[in-house]
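> pasting a predicted model and its sequence here:
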Amino acid sequence: MSQTIAAPVHSELLIKKSRFIGCVQPVPDRATAQQIVAALWAEHPTATHVCWALMAGGQSAAVDDGEPSGTAGRPMLEVLRRQELEGVLATVVRYYGGVQLGAGGLVRAYTDSVAQALLGATKVTLQRMATLHCQVPYAMEGWLRRELEQAGATLLEVNHADMVSVGFSAPEPTMPTLVARLNEGGHGRVRWPDDGTGSD
């Protein structure tokens, strides 16, 4: 099961006079990652490179930022992939120290910067959430709220019109059981406007 990390963690390596400042942190998407990279450039205007890798589903990225192709972003992404992390950005700010490391040396340096930071990271298991909407008569609102609370579901919205419309989310694996329980307990009076089946 995929994991993310709880908070940003940093590392710093000095290799043949080059300084590598690594960081791993939780991020939701590529746009946020790009903002963080831009902020790093503002913070380190004299750095030689700011390389980064993002593991975030379809928005994953690996950026060498001027280092020889495949020596920075990809190895960093590989570390995140091997540790089965999701929604995590790895960045490494490099200050060049005048000694060339060669392709193998660069791959090791960027890999180690990320791996080192991850040693101090607290990992958190990611739960896939599903969101559903249902409608019940006014008289059943209290019952529905209690059922959802008991099942550990999160109430997202409640609208009062002809009927009470309720939006809620719960961990994906528990949703079919919860829907079956609501259908049974509601004696056919729970309506699922999404698609009529009660599945998202």
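It's in. Residues are numbered from 1 along each chain as shown.

> mind giving me the domain split of this structure?
As assigned by automatic domain parsing, the chain contains the domains 3-125, 129-185.

> can you tell me which of those domains is nearest to Pro193?
domain 129-185 (6.0 Å; C-beta to C-beta). The C-beta positions use only the backbone N, C-alpha and C, and glycine is treated the same way.

> tell me what Ala62 is bridged to.
Ala62 has these beta-bridge partners by DSSP bridges: Ala53.

> any idea how many residues pack against it?
Using other C-beta atoms under 10 Å, Ala62 has 19 other residues around it.

> over to Glu141?
Counted with other C-beta under 10 Å, Glu141 comes out at 15.

> A helix includes it, no?
Yes - assessed with DSSP: H, G, I helix; E, B strand; the rest coil, Glu141 lies in a helix.

> can you give me the strands in the chain?
With DSSP state E, the ranges of strands along the chain come out as 3-5, 9-15, 18-26, 49-55, 61-63, 88-95, 123-125, 129-136, 154-160, 164-171.

> surely Gly87 touches Ala33?
No - with contact defined as C-beta atoms under 8 Å, Gly87 does not reach Ala33; the gap is 10.1 Å.

> so what sits against both of these two?
27, 56 (C-beta atoms under 8 Å, 6 or more residues apart in numbering).

> relative to the whole chain's centre, how far out is the longest helix along the chain?
In the chain, assigned by DSSP state H, the helix with the most residues is helix 102-119. The chain centroid and the centroid of helix 102-119 are separated by 22 Å, computed with C-alpha atoms, centre = their mean, to the nearest Å.

> and for stretch 13-27?
Chain-centre distance of stretch 13-27: 21 Å, with C-alpha atoms, centre = their mean.

> just the buried residues of that stretch, please?
13, 15, 18, 20-27 (16 or more other C-beta atoms under 10 Å).

> any chance of TSV for those, columns pLDDT and distance to Ser60?
Listed next are the buried residues of stretch 13-27 as TSV, based on pLDDT from 0 to 100; distance: C-beta to C-beta, whole Å:
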residue	pLDDT	distance to Ser60
Leu13	95	24
Ile15	95	26
Ser18	95	26
Phe20	97	22
Ile21	96	22
Gly22	95	18
Cys23	95	17
Val24	96	14
Gln25	94	15
Pro26	91	14
Val27	91	11
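
> of the residues you listed, closest to Glu78?
Among the buried residues of stretch 13-27, and counting by C-beta to C-beta, the member closest to Glu78 is Val24, at 13.5 Å.

> and the residue nearest the centre of the protein?
Note on the chain: the residue nearest the mean C-alpha position is Gly87, at 2.4 Å, using C-alpha atoms, centre = their mean.

> so for that one, what's the pLDDT?
Gly87 is assigned a pLDDT of 90 by the prediction.
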